[in-house]
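Engineer: Dropping the sequence and predicted coords here.
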Amino acid sequence: YALDGSATAQEQELPHLAGYADSRPVRIGNAAQQQIQLDIYGELLDSAYLSNKYGDPIHYQGWQHVCTIVDYVIKHWNEPDAGIWEMRSAPRHFLHSRVMCWVALDRAIRLAKKRSLPAPLVAWAQARDEIVADIWTNFRHPEHGYFVQERGGTELDAALLMMPLVRFVSSTDPVWLQTLDAIGEQLCDDGLVYRYRVDDGLGGDEGAFTTCTFWYTECLARAGRLDEA
């Protein structure tokens, strides 16, 4: 969306322009407006939960909106999407998106309990627990056992660093520590962290991503590895 809430312009390339160090192509608009990104509901409801916890309590109409979002997540969490990185390859079952669907349900349940808000908590909890079972069963490396980017895959993704930060998994869980070590070995380069090492449907080489480096640092700290952090 644009800043005023309208749809962004259709994406187009401007071949007469170049970016830093003659980087091309320069694009305006954003083709991601056509994508499905299931992780956004987790980020939204986590924000609502934190706003309620540290700011003003949610009002009834706002809670009705939350319930609508939860209903959508329950219907669609087991579908492929473009993921947080807006991949332009075919939609996939991304672990980060699956975790954030869990966050959406988990935070809605917590909020309902904390405020005694009306909600079908049994059904919500059942869907949340189905996501947990799916992640632990289908998103592990077949040989090494650590978490992987997509269902049935073997590659890593720096977005997995959000798993302990959103409290899906303990910061010292043995499987998580294996994942953290694998990310350090495969995605880190002299303190900088790459998002992934897979084809994303875009040309050119992937660069390190500053936000991922901060996630990695926090995960190390929460695991008690302060010197590394």
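Structural biologist: Cool, got the structure.

Engineer: where's the residue nearest to the spatial centre of the chain, which helix or strand?
Structural biologist: Residue closest to the average C-alpha location in the chain (CA atoms, centre = their mean): residue 96, at 3.9 Å. Assigning secondary structure by DSSP states H and E places residue 96 in helix 95-115.

Engineer: Which neighbouring elements make contact with that helix?
Structural biologist: If you count contacts as 3 or more CB pairs under 8 Å, 6 or more residues apart in numbering; DSSP states H and E, helix 95-115 packs onto helix 40-54, helix 60-76, helix 121-138, helix 162-165. Yep, even glycine has a C-beta here, placed from its N, CA and C like the rest.

Engineer: Quick check: which of those helices has the most neighbours on average?
Structural biologist: Between the helices and strands packed on helix 95-115, helix 162-165 has the highest mean count of neighbours, a mean of 21, where neighbours are mean count of other CB atoms under 10 Å.

Engineer: hang on, isn't residue 107 packed against residue 44?
Structural biologist: No - using CB atoms under 8 Å, residue 107 is not in contact with residue 44; the gap is 9.3 Å.

Engineer: Output the contacting helices and strands for the helix or strand of the chain with the lowest mean pLDDT.
Structural biologist: Using mean pLDDT, DSSP states H and E, the weakest-scoring helix or strand in the chain turns out to be strand 27-28, at a mean of 89. Judged by 3+ CB pairs under 8 Å, 6+ apart, strand 27-28 is in contact with strand 12-13.

Engineer: Show me what the least confident helix or strand of the chain pairs with in its sheet, parallel or antiparallel.
Structural biologist: Counting by DSSP bridges, the strands paired with strand 27-28 are strand 12-13 (antiparallel).

Engineer: got a pLDDT number for residue 179?
Structural biologist: Per-residue pLDDT puts residue 179 at 98.

Engineer: Next: residue 59.
Structural biologist: 95.

Engineer: what do you get for the one 4 residues further on?
Structural biologist: The per-residue pLDDT reported for residue 63 equals 97.

Engineer: Just the pLDDT for the residue nearest to it when sequence neighbours are not counted.
Structural biologist: Excluding the flanking residues, the one nearest residue 63 by CB to CB, 6 or more residues apart in numbering is residue 117, at 5.3 Å. pLDDT, residue 117: 96.

Engineer: Go ahead and confirm residue 117 touches residue 110.
Structural biologist: No - applying CB under 8 Å, one finds residue 117 not in contact with residue 110, separated by 10.6 Å.

Engineer: ok so, going back, mind giving me TSV with the helices and strands packed on helix 95-115 and columns for distance to residue 18?
Structural biologist: Below are these laid out as TSV (distance: least, CB to CB, whole Å):
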stretch	distance to residue 18
helix 40-54	32
helix 60-76	40
helix 121-138	42
helix 162-165	34
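
Engineer: how about low-confidence regions in the protein?
Structural biologist: Within the chain, no range satisfies pLDDT under 70.

Engineer: Next one: the residue nearest to the centre of the chain relative to residue 215, how far apart?
Structural biologist: 11 Å (CB to CB, to the nearest Å).

Engineer: Common neighbours of the two, please.
Structural biologist: Overlap of the contact sets of residue 96 and residue 215 (by CB atoms under 8 Å, 6 or more residues apart in numbering) consists of residue 162.
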